[in-house]
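Visitor: how would this look folded up:
(one chain, ligands or ions: 1)
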Amino acid sequence: MKQKTAIISGITGQDGAYLAQLLLRDNFKVIGLTRGYHNDNLNGLFYLGIKDKVTLMTCDLLDISQVIKILQQTKPTHFYNLAAQSSVSLSFQQPIGTFQFNTLSVFNLLEAIKMVDKSIRFYQASSSEMYGKVNNLPITENSVLHPLSPYAISKAAAHFTCIHYRESYQLHVSCGVLFNHESYLRQNTFFVKKVIQESIKISKGLIDVLKVGNIDIKRDFGYAPKYTEAMYLILQQEYPSDYLICSGQTISLREIIYYIFDKLNISHELCQIDDNLYRPAEIENIYGNNAKAKQELGWVYDLDIYQTLDLLLKEELENAI
Ligand SMILES: C[C@H]1O[C@H](OP(=O)(O)OP(=O)(O)OC[C@H]2O[C@@H](n3cnc4c(=O)[nH]c(N)nc43)[C@H](O)[C@@H]2O)[C@@H](O)[C@@H](O)C1=O
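Guide: Okay, the predicted model is just below:
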């Protein structure tokens with residue numbers, strides 16, 4: 001049988017690395033697209049021991065001629081689009097750049113697929129941030145979108161772009177709407193990774209306090225390696241569709257900090273609020289319903305947030321210097 005080929009744009013991110021590992025296990029040829037800057041961070045691929053098992057190619061997703069060339073050369077069967085400016089916080093400082101990249105890249109990819117090979121299955125990384133100002137919980141696939149940041153606006157536009165290409169041109173386009181998901185490979189600018197990494201430093205006397213922004217809000221956090229299993233399953237379906245990928249539970253950020261502090265015997269007083277880390281707008285509370293993903297994809301997810309935090313803390317301690 002012909003070997004299946006998957007392209008992952010954004011392979012250098014947390015999800016890209018775990019997804020590449022899964023696809024390699026399933027005998028896919030995996031091609032990772034990077035921006036090709038000298039500072040491409042390949043640490044995740046090295047950490048998982050797969051750097052030499054994937055083929056890396058440079059591609060500027062804002063240049064459709066490069067996208068077309070890559071599709072023609074590599075003839076992928078599956079395309080996972082994980083490339084994005086993915087920081088909500090940064091998007092408030094760089095709204096236009098965020099919007100341009102996160103939307104135009106998706107148009108370019110889908111237009112190129114329409115031109116080169118309509119049978120390529122396409123996965124889009126959509127985000128729970130699209131729901132923003134929430135009226136009814138839990139969020140379902142039918143909830144109304146009300147984005148609260150330039151990042152969320154860009155992801156909503158990209159999401160509708162995907163639906164448009166699926167409905168108008170019959171492309172096999174699916175969106176995984178992922179809620180916050182964490183792992184050892186998460187960049188340390190994100191909340192959970194930052195809390196765990198800096199708490200370990202406090203416990204070793206390397207820093208004095210943990211400075212954070214608004215921690216009296218609630219989020220639905222999950223374990224990234226399990227979430228990439230859902231991404232994989234989404235493109236295994238005969239028919240394309242959109243799925244919420246979430247834990248279904250919610251927890252306040254303050255509770256997360258105190259849980260980690262207690263595990264490391266750190267006084268709660270060493271958590272300090274820094275007004276500079278507040279964002280102009282914030283989702284107060286959000287959690288989703290993952291029933292469709294579980295029923296239709298057969299996705300198994302049974303970790304609660306404390307089990308997830310235990311896993312993350314353990315791996316961080318094992319790798320701490
Ligand atoms: C679903 C969504 O998930 C991620 O976006 P995010 O939710 O912005 O992730 P985060 O870990 O930066 O923030 C989580 C929460 O934590 C609050 N918070 C408080 N104090 C600090 C703080 O000191 N640092 C950070 N980073 N956050 C803080 C912050 O205000 C926010 O409410 C991305 O994957 C994104 O691509 C995506 O799609």
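Visitor: name the element residue 49 belongs to?
Guide: Using DSSP states H and E, residue 49 sits in no helix or strand.
Visitor: let me see the backbone angles for it.
Guide: The phi and psi torsions at residue 49 (degrees, to the nearest 10) take the values phi 70, psi 30.
Visitor: that one: neighbour count?
Guide: 9 (other Cβ atoms under 10 Å). In short, each C-beta sits where N, CA and C put it, glycine included.
Visitor: state the distance from it to residue 10.
Guide: Distance, residue 49 to residue 10, using Cβ to Cβ, to the nearest Å: 20 Å.
Visitor: quick check, residue 268 in contact with residue 258.
Guide: Yes. Assessed by Cβ atoms under 8 Å, residue 268 is found in contact with residue 258 at 5.8 Å.
Visitor: please say which of those two ends up with more neighbours.
Guide: residue 258 (15 against 10).
Visitor: just the buried residues of the helix or strand encompassing that one, please?
Guide: Using DSSP H and E, residue 258 falls within helix 253-263. The neighbour-count criterion (16 or more other Cβ atoms under 10 Å) identifies 253, 254, 256, 257, 259, 260, 261, 263 as the buried residues of helix 253-263.
Visitor: check the residues you listed against the ligand and report the nearest one.
Guide: Closest approach to the ligand among the buried residues of helix 253-263 (Cβ to the nearest ligand atom): residue 253, at 5.4 Å.
Visitor: tell me, how many residues neighbour the spatially closest residue to that closest one that is not a sequence neighbour?
Guide: Nearest residue to residue 253, sequence neighbours excluded (Cβ to Cβ, 6 or more residues apart in numbering): residue 215, at 3.9 Å. Each residue near residue 215 was counted by other Cβ under 10 Å, and the total is 18.
Visitor: stretch 76-89 and the ligand, any residue contact?
Guide: Yes. Interface with the ligand: stretch 76-89 contributes 86, 88, 89 (Cβ under 6 Å from any ligand atom).
Visitor: didn't the first one look like it was pressed against residue 152?
Guide: So the one you mean is residue 86. No. Counting by Cβ under 8 Å, residue 86 does not reach residue 152; the two are 11.4 Å apart.
Visitor: who has more neighbours, the two?
Guide: residue 152 (25 against 21).
Visitor: I figured that one hits residue 87, correct?
Guide: No. Residue 152 is beyond contact range of residue 87, at 11.8 Å (criterion: Cβ under 8 Å).
Visitor: who touches the following helix or strand past the helix holding residue 258?
Guide: Using DSSP H and E, the helix or strand that follows helix 253-263 in sequence is strand 271-273. The contact list for strand 271-273, computed with Cβ atoms under 8 Å, 6 or more residues apart in numbering, reads 209, 210, 211, 212, 213, 215, 254, 257, 258, 261.
Visitor: at 10 Å what do you get?
Guide: Where contact means Cβ atoms under 10 Å, 6 or more residues apart in numbering, the residues beyond strand 271-273 that reach it are 195, 198-199, 202, 208-216, 254, 257-258, 260-261.
Visitor: now, the residues you listed that are in strands?
Guide: 210, 211, 212 (DSSP state E).
Visitor: make CSV out of the residues you listed and add distance to residue 156.
Guide: Shown next, in CSV, are the ones in strands among the contacts of strand 271-273 (distance: Cβ to Cβ, whole Å):
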residue, distance to residue 156
210, 32
211, 31
212, 27
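Visitor: which of these lies closest to residue 290?
Guide: Nearest to residue 290 among those, counting by Cβ to Cβ, is residue 212 at 27.5 Å.
Visitor: give the contact list for the nearest residue to the closest one once chain neighbours are set aside.
Guide: Leaving aside its chain neighbours, residue 212 sits nearest to residue 277 (6.0 Å; criterion: Cβ to Cβ, 6+ apart). Residue 277 makes contact with 89, 191, 194, 211, 212, 213, 214, 215, according to Cβ under 10 Å, 6+ apart.
Visitor: how far away is the last one from residue 302?
Guide: For residue 215, the distance to residue 302 (Cβ to Cβ) stands at 27 Å.
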